[in-house]
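Student: Fold the following and give me the result.
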Amino acid sequence: MIEILPWHSDAWSRLSGSAATLHHGLILSGVSGVGKREFSIALAQRLLCSNSRDQVPCGDCQDCKLFNAGTHPDFHVITSEHEALEGRIELVSRYCDRYQDSVARGKKVNPSQVIPVDQIRTLIERFYQSSHISESRVALILPADRMNTNAANALLKLLEEPPSGAFFLLVTDQPGLLASTIRSRCVMEPLSSPTPEQAKDWLHPRLKGADPNLLLNAPPAGPIDILAAYQTGVLQQRQEHTAQISLLLGGHSDPVELAALLAKQDAVLLLTWMHRIVSDLLKWQGAGQKPAWAGDSSLDIGRYSPAKLFRLYDKLGKYRRMARDQMNLQLALEEILISFQQTFRTYG
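Tutor: Below is the predicted model:
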């Protein structure tokens, strides 16, 4: 069974009891990197296990063995091609191959970040058949906010008339991007973020001697994202880019050159990171909470226009939504970074 993270123990106690009392549609939300995928997979195994003990999958029954092997016929994973290739959980990739052409997906230079309607239609067809071996059947959809409009509309049919024993786990960082009709037919279950101490305690044995305090001073992310970024070298790259953003705020960096450098990265992850940078700046201005990544910056945040900061925040939100489809990332970044520069321009 996948580890239940310490900061999710309350949510696990609440949701892992009797399947008979659990709502058939759950939206598992929370900031990136807090363990939503791990939690949802553990919950799916709990719902399918035929011999769970103390709200924990037994690991020994036929259901658990098939589940862990990636072959349980009553567990369905719907996701984007990008998530299938880039996601950190191998089990997700194995299950989603039932709904994707893995050969064609592997040949694409830019795998789609959208969940198309054909996957949901296939899910509908399979869900209205009888369960194969378990009393339940579980569909995991992640990131659920990546469903296109037709896919979301098709999912409504299952949510409105779910087959007996059916459960839908929708995982998202951005529940507000889900259609209101989807949200109204599900129960929202926010998964909490760890306290700084919980994050450090969890990261410390996994960092091979690195200082968790330094990692936690990176632009905000959940500890699982921080660990993955550290292991792949992305964290060091992010810290370098954060320093460049700081130079840009002070008028000491060229936005077009910086855009060309940043455009080599994954659009969604990059724009999410930049959105958090601006969120930190807003908190700094509104509540005096200087972000750790700002270090000894002498930026006088209080002298800049709150309206311009909010417009920059909204612009990044717009581009994050656009990044789910194909877009010219470098042109978008040039506009965003020029807006950064204009927002923090010093006159006189």
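Student: hang on, isn't residue 182 packed against residue 159?
Tutor: Yes: here residue 182 reaches residue 159: they are 6.9 Å apart, a contact under C-beta atoms under 8 Å. For the C-beta atoms, the positions are set from N, CA and C on the backbone; glycine is no exception.
Student: who's more crowded, these two?
Tutor: residue 182 (22 against 18; other C-beta atoms under 10 Å).
Student: Setting aside sequence neighbours, what's the nearest residue to that one?
Tutor: In space, and not counting its chain neighbours, residue 182 is closest to residue 152: 5.7 Å by C-beta to C-beta, 6 or more residues apart in numbering.
Student: Please apply the same query to residue 225.
Tutor: Using C-beta to C-beta, 6+ apart, the nearest residue to residue 225 is residue 33, at 2.8 Å.
Student: That neighbour - how many residues pack around it?
Tutor: Neighbours of residue 33 under the rule other C-beta under 10 Å: 21.
Student: Contact partners for it?
Tutor: By C-beta atoms under 8 Å, 6 or more residues apart in numbering, residue 33 lies in contact with 221, 222, 223, 224, 225, 226, 228.
Student: Closest to residue 290 out of the residues you listed?
Tutor: Nearest to residue 290 among these: residue 221, at 18.0 Å, using C-beta to C-beta.
Student: mind giving me the domain ranges of the chain?
Tutor: 6-190, 233-343 (automatic domain parsing).
Student: Now render those as TSV, adding mean pLDDT and distance to residue 198.
Tutor: Listed next are those as TSV, based on pLDDT from 0 to 100; distance: least, C-beta to C-beta, whole Å:
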stretch	mean pLDDT	distance to residue 198
domain 6-190	91	5
domain 233-343	84	17
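Student: Can you tell me which of those domains is packed in deepest?
Tutor: domain 6-190 (a mean of 18; mean count of other C-beta atoms under 10 Å).
Student: Quick check: end-to-end length of stretch 287-294?
Tutor: 15 Å (C-alpha to C-alpha, to the nearest Å).
Student: mind checking how far residue 187 is from residue 15?
Tutor: Per C-beta to C-beta, to the nearest Å, residue 187 is found 10 Å from residue 15.
Student: who touches both of those two?
Tutor: By C-beta under 8 Å, 6+ apart, the residues touching both residue 187 and residue 15 are residue 26.
Student: Please indicate which of the contacts of residue 33 are buried?
Tutor: Buried residues within those, counting neighbours by 16 or more other C-beta atoms under 10 Å: 221, 222, 223, 224, 225, 226.
Student: Turn those into JSON lines, including secondary structure.
Tutor: Listed next are the buried ones among the contacts of residue 33 as JSON lines, based on DSSP: H, G, I helix; E, B strand; the rest coil:
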{"residue": "221", "secondary structure": "coil"}
{"residue": "222", "secondary structure": "coil"}
{"residue": "223", "secondary structure": "helix"}
{"residue": "224", "secondary structure": "helix"}
{"residue": "225", "secondary structure": "helix"}
{"residue": "226", "secondary structure": "helix"}
